[in-house]
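Peer 1: no sequence for this one, just the structure:
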């Protein structure tokens, strides 16, 4: 495995939702051989947590450019487009 990647998982205001998505994302990426750690947060907390982060996965729009890749999706909540989103995440992380 390569270097561990850090992913922020941001949801609008529901930290519980972010935790569910983060856990599911981590399991899915580890099954694909990626060494990742996820950190759930609220969208309003992203700018303070972005240091040393490789990717942000969010279920709601971010109000500003944070300088790292952002994938906005509901796939982990709805199941629709989940596999293609996982593939996009893997590609974005450079694996």
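Peer 2: Right, received. Where do you want to start? Remember, predicted model here, so these are calculated numbers, not experimental data.

Peer 1: the longest helix in the chain is where?
Peer 2: Assignment by DSSP state H gives helix 15-31 as the longest helix of the chain.

Peer 1: Let me know the secondary structure of the most centrally placed residue in the chain.
Peer 2: What sits nearest the mean C-alpha location of the chain, by CA atoms, centre = their mean, is residue 57, with 3.0 Å. Residue 57 falls in the strand class when you classify it by DSSP: H, G, I helix; E, B strand; the rest coil.

Peer 1: Go ahead and confirm it touches residue 92.
Peer 2: No: here residue 57 lies out of contact with residue 92, judged by CB atoms under 8 Å, at a distance of 9.7 Å. For the C-beta atoms, the positions are set from N, CA and C on the backbone; glycine is no exception.

Peer 1: list the residues that contact both of those two?
Peer 2: residue 71 (CB atoms under 8 Å, 6 or more residues apart in numbering).

Peer 1: Touching, residue 93 and residue 57? I think so.
Peer 2: No: proximity of residue 93 to residue 57 does not meet the contact threshold set by CB under 8 Å, at 10.9 Å.

Peer 1: Tell me which stretches of this structure form strands.
Peer 2: 5-11, 36-42, 55-58, 70-72 (DSSP state E).

Peer 1: Now do the buried residues in the second one.
Peer 2: By that I understand strand 36-42. 36, 38, 39, 40, 41, 42 (16 or more other CB atoms under 10 Å).

Peer 1: Mind listing the residues bridging to the first one?
Peer 2: The bridge-partner assignment for residue 36, based on DSSP bridges, gives residue 5.

Peer 1: List the contacts of it.
Peer 2: By CB under 8 Å, 6+ apart, the contact set of residue 36 is 4, 5, 6, 7, 25, 26, 29, 30, 93.

Peer 1: now do 7 Å
Peer 2: Contact analysis of residue 36 by CB atoms under 7 Å, 6 or more residues apart in numbering lists 4, 5, 7, 26, 29, 30.
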